[in-house]
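Q: Below are the sequence and a predicted model for it; my questions follow.
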Amino acid sequence: MGMNPNPNRTPLAFTKMHGLGNDFMVLDCTRAHLQLSDAQIRLLADRHFGVGFDQLLMVEPATRPDVDFRYRIFNADGSEVEQCGNGARCFARFVRDRGLSDKDLIRVETAAGVIELRLTPEGRVVVNMGVPKLLPAEIPFLADAPALLHRVEVNVDGGSEQVELAVVNMGNPHAVLFVESVDTAPVGRLGPLLESHPRFPARVNVGFMQVLARDRVKLRVFERGTGETLACGTGACAAVVAGRRRGLLDERVEVALPGGELRIEWPGENAPVLMAGPATRVYEGLWLWP
Ligand SMILES: N[C@@H](CCC[C@H](N)C(=O)O)C(=O)O
């Protein structure tokens, strides 16, 4: 495999994709290794001076024999993260469209472990997102004991506010708040405060969920390292897990996000979460370094 001698100058061929408006710059790194600095990723992510995206996805060759590819994920702030649900569906569409794989069932290694993706004849992608982790240390979240809801004190404008939230790790860390209405939920105010709250040592993605019925919820997510997005796949999985554990939801749930709907299935404790939704290619581009 050749090493790209100078990624700073070599134009970067990329594909712009989205999953329900959660948008990605996708790079085919299967033939040449590419290393980007945090600052370079932040420039590419910039919606005025760069390509603009929520996450950068790098598709790489597998490093072990039992998987088809390795897939790496970087937030818009340059941080590398463990998992991305909407990105996983776009990854599957990308490798199929570019002829990198003709398999309907693809196994891929991520920083959070191996996940399986299935392309359906209708053009959707079903992802086995693995078994959620629920213990505080696994999130990671600082707490004395596991609980369905934890109380967290947030400092706001010189005062403090108590917030109740559930914690779930879907490969990446999530906090889920149950709200009366997602339209009036304090996503912009509490999202950033909770994202970097000291009780979440690795920071956290923050979901605000409104339960409409046992099989239907609305969700907005303030994502770690990116801000509020139009959809968050792992956030949808985490929200359904949190709602199921509190006895509020059935096994199959439609999750309505600002960018569209995901179908999430979770039988319960020790079972993997299944996520189904679309993956859309928008355009091909060539980035020229300034
Ligand atoms: N948009 C994603 C999640 C991307 C990573 C996240 N911001 C994190 O820092 O963990 C999804 O669809 O799951």
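A: Yep, that arrived. Residues are numbered from 1 along each chain as shown.

Q: Double-check that Arg93 belongs to a helix.
A: Yes: under DSSP: H, G, I helix; E, B strand; the rest coil, Arg93 falls within a helix.

Q: change the start of the numbering to 26 and stick with it
A: I'll keep to 26 as the first residue from here, and by that count the last item is Arg118.

Q: Would you mind confirming that it is in contact with Arg306?
A: Yes: with contact defined as CB atoms under 8 Å, Arg118 reaches Arg306; the gap is 6.5 Å. Bear in mind the C-beta positions are built from the backbone N, C-alpha and C, glycine included.

Q: any common contacting residues for these two?
A: Listed as contacting both Arg118 and Arg306 by CB atoms under 8 Å, 6 or more residues apart in numbering are Met42.

Q: which one of the two has more residues nearby?
A: Arg118 (22 against 15; other CB atoms under 10 Å).

Q: For that one, give me its contacts.
A: 42, 144, 150, 304-306.

Q: residues near Asp169, how many?
A: Neighbour tally, Asp169, other CB under 10 Å: 7.

Q: Distance of it relative to Ala162?
A: According to CB to CB, to the nearest Å, Asp169 stands 11 Å off from Ala162.

Q: OK, contacts around Ala261?
A: The contact partners of Ala261, taken as CB under 8 Å, 6+ apart, are 110, 244, 280, 282, 287, 289, 300.

Q: Get me the contact residues on the stretch 176-315 of the chain for the ligand.
A: 197, 230, 248-251, 254, 257-259 (CB under 6 Å from any ligand atom).

Q: Those into TSV, with extra columns for secondary structure and pLDDT?
A: Formatted as TSV, those follow (DSSP: H, G, I helix; E, B strand; the rest coil; pLDDT from 0 to 100):
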residue	secondary structure	pLDDT
Asn197	coil	98
Asn230	strand	99
Glu248	strand	98
Arg249	coil	98
Gly250	coil	98
Thr251	coil	98
Thr254	strand	98
Cys257	coil	98
Gly258	helix	98
Thr259	helix	98
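
Q: So which of those is the closest to Asp48?
A: Nearest to Asp48, judged by CB to CB, of those is Thr254 at 8.3 Å.

Q: Quick check: closest non-adjacent residue to the residue nearest the centre of the chain.
A: Centroid-nearest residue in the chain: Cys109, 2.9 Å away (criterion: CA atoms, centre = their mean). Excluding the flanking residues, the one nearest Cys109 by CB to CB, 6 or more residues apart in numbering is Ile98, at 4.5 Å.

Q: for that neighbour, helix, strand, or coil?
A: Per three-state DSSP, Ile98 ends up strand.

Q: What of Ala267?
A: helix.

Q: Which other helices and strands does the host helix or strand of Val193 contact?
A: Val193 is located in strand 184-194, with elements delineated by DSSP states H and E. Strand 184-194 sits against strand 175-181, strand 198-203, helix 212-220, helix 258-270, with contacts defined as 3 or more CB pairs under 8 Å, 6 or more residues apart in numbering; DSSP states H and E.

Q: and that strand, what's its mean pLDDT?
A: Taken as a whole, strand 184-194 has a mean pLDDT of 96.

Q: Give me the distance between the residue nearest to the centre of the chain and the ligand.
A: 4 Å (CB to the nearest ligand atom, to the nearest Å).

Q: what about that residue, distance to Val76?
A: 17 Å.

Q: same question, Ala304
A: 18 Å.

Q: Comparing these two, which residue is more hemmed in?
A: Ala304 (26 against 18).

Q: ok, the more buried one touching Met42?
A: Yes: between Ala304 and Met42 a contact is recorded at 6.6 Å, counting by CB under 8 Å.

Q: Overlap of the contact sets of these two?
A: 115, 118.

Q: of the contacts of Arg118, closest to Arg270?
A: Using CB to CB, those come closest to Arg270 at Val150, 25.9 Å.

Q: Would you mind confirming that that closest one makes contact with Gly302?
A: Yes: between Val150 and Gly302 a contact is recorded at 6.9 Å, counting by CB under 8 Å.

Q: what residues are shared contacts of these two?
A: Contacts common to Val150 and Gly302, judged by CB under 8 Å, 6+ apart, are Arg114.

Q: near the ligand, which residues of the stretch 26-175 of the chain show up?
A: Near the ligand, when you scan the stretch 26-175 of the chain using CB under 6 Å from any ligand atom, you find 47, 79-80, 100, 106, 109-112.
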